[in-house]
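fold the following.
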Amino acid sequence: MTPERGDAGRVVNRFGRSAAAVLVLLCGLTLLLGFINKDRCTGPAFDQWGRTQPDYDERNKEDVCYSDIQHLWIGRDIDRHVFPYVDGGINDKGVLVGGSVEYPVLSGLIIWAGAIFAHNDAEYLLYSSLLMAPFGLLTGWLLGKLARWRALLWAIGPPLILYAFHNWDLPVVLCSAAAVYVVHRWNRPLVERATVASVLLGLGFAFKVYPAAFVLPLMLFVATGGWRGHELPEGKKVDVVGALKVGIASIITVVLVNLPFAIAGYDGWLASFEFQQLRRVDITTNSIWYWGLRPFIGDDAMQSLVGVVSPITILVSFAIAAGYGWLRFRREGTYPWIAVSGAMLCGFMLLHKVHSPQYTLWLVPFLVLLRVRLMWAFAYFAVDLAMGIGIFRWFWAIEFGQPAGIYDSFSAQAVMIGVWGRAALLVALFVAFLKARDVTEDDHEDLKFIRGAVAAKS
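Predicted structure coming up:
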């Protein structure tokens, strides 16, 4: 690896073209395996609505090849090629109608675009996978440039096989990875880099919301002048104006992306947020709230309690993460915005009322970017496998009359391992992330080495 000096004394470690090509190739093969896994659920025949036959509902659970992409071909007017949101809404029963979907607008566009040439759920899965695969490949390339071979956690990890084409999550993961890449690899002044990164995080909000949380630590990184304050404006101890520019850029991005849809069809646009607000904590959400509270309080009381406690505890976790990041800044001279962002994500995943299996894809880039022990990644992958496989086998057992009790069903036991194993590891990772160095700090260590060598020669 040959270090190169960048702006503001930054050093960029090269990850050569050959290495990057190998990484992307491996990522492509993993994505192919992910598609093959989901494609097992399609065909060979289709009914008049383009739904897979025979026995679709049984096969997708028993064979563990379920995907939201294929499943939502029916029920959201995707099969009718209705442009999302414009004529949609949500009815009194909480059912989305008229083309509205339960995701923010850029995900809605991806959902609609994948169906343009599709006539059945198999074609829809194929075209959607082809549409999203470049996002996964580019994420692998960016992580390789940032973390070198540690990016194999993304490129060949089990989560990419299980979830790459489970839902529409690859674009939002790319937004987060690209934001980090821009801040730490683009040779422009800090505020310019961070502003572009903030735009990317705003786009991430328009895909799946959660990247918007990372704008706060990014603002604090800018306010404190980047690495050890080396990029503060001359004569300033805190760059408040630069930090505000970064935050405003994200807000403007979110507004500009959402405004056309809100104007064209306000009810349909609002319906995606209303759906998530109204979503009940039930057996399909697999959050700690369902499994932790359900044995002790009634369903209505649980829904009301979680509706208040979940967002409050998420915000508390964000505050703790940001505050600890500030303590690290006071001690080390650099605000650890990547570490704080990773901890925020752990808090969100742990405490949100919904914890879908594919959320693991959101976490993997932080396992790459933060220098935590690899055992944490391997442990999380293990409990995630238990959840990703066990949950569908368990649903199959419940729905089709198989043994499903905790004492006579391995799938039920696997779900418990998945729920509480993920929860315990997210708590541990929250702490580990906050204490961890990120991979970009190696650049600055290289710079110190070069300076030391030059000084020794002189």
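
show me the shaky parts of the chain.
Counting by pLDDT under 70, the ranges of the chain that qualify are 1-13, 442-458.

residue nearest the middle of it, spatially speaking?
Of all residues in the chain, the one closest to the mean position by C-alpha atoms, centre = their mean is W362, 2.6 Å from it.

wait, a helix at that residue?
Yes. Membership of W362 in a helix is supported by DSSP: H, G, I helix; E, B strand; the rest coil.

I'd say it and Y210 touch.
Yes. Here W362 reaches Y210: they are 6.5 Å apart, a contact under C-beta atoms under 8 Å. Placement of C-beta: from N, CA and C, glycine included.

are there residues contacting both of these two? Which ones?
In the contact map built from C-beta atoms under 8 Å, 6 or more residues apart in numbering, the residues linked to both W362 and Y210 are 172, 345.

neighbours around the residue nearest to F400 when sequence neighbours are not counted, how many?
Nearest residue to F400 in three dimensions, chain neighbours excluded: E58, at 6.1 Å (C-beta to C-beta, 6 or more residues apart in numbering). If you count neighbours by other C-beta atoms under 10 Å, E58 ends up with 12.

show me the contacts for E58.
If you count contacts by C-beta under 8 Å, 6+ apart, E58 has them with 396, 399-400.

so which of those residues sit within strands?
The subset of those located in strands under the criterion DSSP state E is empty.

which one of those sits in the busiest neighbourhood?
The member of the contacts of E58 that has the most neighbours, counting by other C-beta under 10 Å, is W396 with 22 neighbours.

the nearest residue to that residue once chain neighbours are set aside: what's it in contact with?
Leaving aside its sequence neighbours, W396 sits nearest to K61 (C-beta to C-beta, 6+ apart; 3.6 Å). Contact partners of K61, counting by C-beta under 8 Å, 6+ apart, are 392-393, 395-396, 399.

state the distance from K61 to S411.
In this structure, K61 lies at 10 Å from S411, with C-beta to C-beta, to the nearest Å as the measure.

need the overlap of contacts for the two.
A shared contact of K61 and S411, defined by C-beta under 8 Å, 6+ apart, is any residue touching both; here these are 393, 396.

which SS state does the residue nearest to V105 when sequence neighbours are not counted fall under?
Leaving out its chain neighbours, the residue that sits closest to V105 by C-beta to C-beta, 6+ apart is F261, at 4.9 Å. Secondary structure for F261, judged by three-state DSSP, is helix.

next one: F261 from V86, what distance?
7 Å.

show me which of the two is the more surrounded one.
Higher neighbour count among F261 and V86: F261, with 23 against 18, using other C-beta under 10 Å.

was I right to think that one contacts D87?
No. With contacts defined as C-beta under 8 Å, F261 does not count as touching D87, sitting 11.6 Å away.

need the residues touching each of these two.
Contact criterion C-beta under 8 Å, 6+ apart; residues shared by F261 and D87: G268.

can you pull out the helices in the stretch 251-400 of the chain?
Secondary structure of the stretch 251-400 of the chain, counting by DSSP state H, counting those that start in this stretch: helices at 266-278, 288-293, 299-332, 337-351, 360-369, 374-399.

can you check the stretch 101-250 of the chain too?
In order along the chain, the stretch 101-250 of the chain carries the following helices (DSSP H, counting those that start in this stretch): 105-113, 121-147, 152-155, 158-163, 170-185, 190-208, 215-223, 240-264.

still on that earlier bit, where's the residue nearest to F400, which helix or strand?
Following DSSP states H and E, one finds E58 within helix 56-62.
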